[in-house]
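J.: Show me the folded form of this:
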Amino acid sequence: MRRIKPQLAGGLLAAALLVAFTAAEPENPFAVASQAVRVGPAGPLIYLLPLLELRRQRPVYLRSTQADTYWQASATYAAMAGELDSAAYYWQRQAGFTPPAASAAAPTAVPIAAEAAILAQTQRRQVVMFNEEHTQPRGRWLVGRLLPALYKQGFRYLALEALDAADSAGLRQRGYPVATSGFYTNEPHFGNLIRRARQLGFQLVAYDGMGADRERDAARNLLAATLTPHPQARVVVLAGHGHINENSAAQSMATWVRKLSGIDPLTIEQTQAAQAGPASWQQLPPGAYLVPAASLGNRRALTCDLYVLNRLGVAGTGNGFGDPAARATRLTLPADSLRPPQVVLVYWQCEKQGPPGAEPVAVQCLRPGQAEVHLPLLPGTYLAELRDGPGRRCWQKTFSVR
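T.: All right, here's what the predicted structure looks like:
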């Protein structure tokens, strides 16, 4: 028998192990979840399905090199399903997560209510940029709260990183988002933000860049759709995390907007204070607070004009962004339809009757034994569906809110 040299044998073994390891690596968890979110290619989005699939495959991912990506995907899809406590838990499992400051010392200044303080600043600015955590809807919810007042101040453009430019024409024609309008826009509060902007009269802008220099391309796209053709326009931007960083060395979208247009944007940071601020802030009542940059100390990672401690509780808040016109609504689910795990999806009826891919205005995963859903909803006609783990419809009801 022919003998194989030890060096060659070692190389063959290493190659075999590499092949075996590569074969054992699971598919990207975002891809797995996106395949599970629908029942059939043109079926509705069933927000419970990707969560169940990701949880089923958790042991596989935690043994792989994709553990952090797995936690990100789990947090993202939990947020879309309204499971915000789970979303926060999953996000904190990532290796690079830094918990809130351990110091129990009192803040250097008492946080103040954010909304009025922000609006006092925006009335003098032409471009206002908010950032958000993609896995928590509270950032977009605050923007939704502020939109009516911003419109009264003269802002007419709402530029959203999460929008897909390919659906811009369709969105203008329909007036509401569908599943293909973007990825993060499938989260119900994000969809409701888009609806509210359109109803108020905002022009929506998809500006994200996907080239080699994403930040510069995003700034160019944003300006081309707004300030270049309309130099006096006033623009609200909602971006993710560090895209609004004004540290000149970062070369972010915000710094490129300033370089290319000469306009200094008002940047409003919503992601850092919950982690970088004093631990005593965690005891504040739910709400949005403006905090001094000095209170964040050397844990501040982004340079912005204003810092918001966003502790808004948005679970189960329906589609009104706190609007007093929203009505407390109760859905009673028939006992013979309850087969957990299940999810309740609430749609505007007119959207559900339109093209496939309608996004729900509210999603609620049922707890064991839960037979009622309580939501504040704006007046109108809705369709509610109850779906089970495999995505089958167990019950539906058309109802009106007056």
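J.: Just to check, residue 146 is in contact with residue 116?
T.: No. Using CB atoms under 8 Å, residue 146 is not in contact with residue 116; the gap is 10.2 Å. All C-beta atoms are positioned from the backbone trio N, CA, C, and that covers glycine.
J.: neighbour-wise, which of those two wins?
T.: Neighbour count, other CB atoms under 10 Å: between residue 146 and residue 116, residue 146 has more, with 23 against 10.
J.: Residue 191 belongs to a helix?
T.: Yes. Using DSSP: H, G, I helix; E, B strand; the rest coil, the secondary structure at residue 191 is a helix.
J.: for it, what are its contacts?
T.: 176, 177, 181, 185, 359, 360, 361 (CB atoms under 8 Å, 6 or more residues apart in numbering).
J.: which residues does residue 50 contact?
T.: So residue 50 contacts 32, 33, 34, 36, 37, 77 (CB under 8 Å, 6+ apart).
J.: quick one: it from residue 314, how far?
T.: Separation of residue 50 from residue 314 (CB to CB, to the nearest Å) stands at 20 Å.
J.: Selecting buried members of the contacts of residue 50 in PyMOL, what would you type?
T.: Buried residues within these, by 16 or more other CB atoms under 10 Å, are selected in PyMOL with:
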select buried, resi 32+33+36+37+77
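J.: Save the contacts of residue 50 as CSV, and put in distance to residue 331, secondary structure and pLDDT too.
T.: Shown next, in CSV, are those (distance: CB to CB, whole Å; DSSP: H, G, I helix; E, B strand; the rest coil; pLDDT from 0 to 100):
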residue, distance to residue 331, secondary structure, pLDDT
32, 31, helix, 95
33, 27, helix, 96
34, 28, helix, 93
36, 25, helix, 92
37, 23, coil, 91
77, 23, helix, 97
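J.: Name the SS class of residue 383, please.
T.: Residue 383 - assigned by three-state DSSP - is strand.
J.: just use 48 as the starting number from now, easier for me
T.: All set: I'll call the first residue 48, so the last point we hit is now residue 430.
J.: Surely it touches residue 397?
T.: No. Residue 430 lies out of contact with residue 397 (CB under 8 Å); the separation is 9.4 Å.
J.: ranges for the strands of the stretch 248-397 of the chain?
T.: For the stretch 248-397 of the chain, the strands defined by DSSP state E, counting those that start in this stretch occupy 250-253, 282-287, 313-316, 335-338, 353-357, 374-379, 389-395.
J.: Just tell me which of the ones you listed ends up closest to residue 421.
T.: strand 374-379 (5.5 Å; CB to CB).
J.: which residues touch the closest one?
T.: So strand 374-379 is contacted by 365, 391, 393, 418-426, 431, 444, 446, 448-449 (CB under 8 Å, 6+ apart).
J.: Comparing residue 430 and residue 397, which residue is more hemmed in?
T.: For residue 430 and residue 397, the more surrounded residue by other CB under 10 Å is residue 430, and the numbers stand at 19 against 13.
J.: ok now do the more buried one, which residues does it touch?
T.: By CB under 8 Å, 6+ apart, the residues touching residue 430 are 393, 394, 395, 396, 399, 443, 444, 445.
J.: Buried only: go through those residues for me.
T.: Using 16+ other CB under 10 Å as the burial test, those include 393, 394, 395, 396, 399 as buried.
J.: Now do the first one against residue 227, distance only.
T.: The gap separating residue 393 from residue 227 is 20 Å, by CB to CB.
J.: do the same with residue 416
T.: 36 Å.
J.: between those two, who's got more neighbours?
T.: Shown here are residue 416 and residue 227; by other CB under 10 Å, residue 227 has more neighbours (16 against 7).
J.: That one touches residue 404, doesn't it?
T.: Yes. Using CB under 8 Å, residue 227 is in contact with residue 404, at 6.0 Å.
J.: Touching both of these two, which residues are there?
T.: With CB under 8 Å, 6+ apart as the test, residue 227 and residue 404 reach no residue in common.
J.: Any idea how many residues pack against residue 350?
T.: Neighbour tally, residue 350, other CB under 10 Å: 19.
J.: Now it: closest residue in space that isn't a chain neighbour?
T.: The shortest distance from residue 350 to any non-neighbouring residue, by CB to CB, 6 or more residues apart in numbering, is to residue 294 (4.2 Å).
J.: Surely the one you found touches residue 348?
T.: No. If you go by CB under 8 Å, residue 294 and residue 348 don't touch, sitting 9.3 Å apart.
J.: With adjacent residues omitted, what lies nearest to residue 428?
T.: Using CB to CB, 6+ apart, the closest residue to residue 428 is residue 396 (4.5 Å).
J.: Just list the residues touching that neighbour, thanks.
T.: 427, 428, 429, 430, 445.
J.: same thing with residue 131?
T.: Applying CB under 8 Å, 6+ apart, we find residue 131 in contact with 125, 183, 184, 361, 362.
J.: One more pass at 10 Å, please.
T.: If you count contacts by CB atoms under 10 Å, 6 or more residues apart in numbering, residue 131 has them with 122, 125, 182, 183, 184, 185, 360, 361, 362, 363.
J.: ok, the fifth one - contacts?
T.: Neighbouring residues of residue 184 by CB under 10 Å, 6+ apart: 126-127, 129, 131, 134, 191, 231, 234-237, 239-240, 359, 361-362, 364.
J.: In strands only, show me the contacts of strand 374-379.
T.: If you go by DSSP state E, those have 391, 393, 419, 420, 421, 422, 423, 424, 431, 444, 446, 448 in strands.
J.: Number of residues surrounding the first one?
T.: I take that to be residue 391. 23.
J.: That one bridge partners, please.
T.: In this structure, residue 391 bridges to residue 411, residue 433 when assessed by DSSP bridges.
J.: residues contacting it?
T.: 95, 129, 378, 380, 407, 409-413, 417, 419-420, 422, 431-434, 442.
J.: What's the separation between it and residue 109?
T.: From residue 391 to residue 109 the distance is 30 Å (CB to CB).
J.: before we move on, what about the fourth one?
T.: Applying CB to CB, one obtains 33 Å for the distance of residue 420 from residue 109.
J.: So between the two, which is more surrounded?
T.: Taking neighbours as other CB under 10 Å, residue 420 and residue 109 compare with residue 420 leading, 18 against 12.
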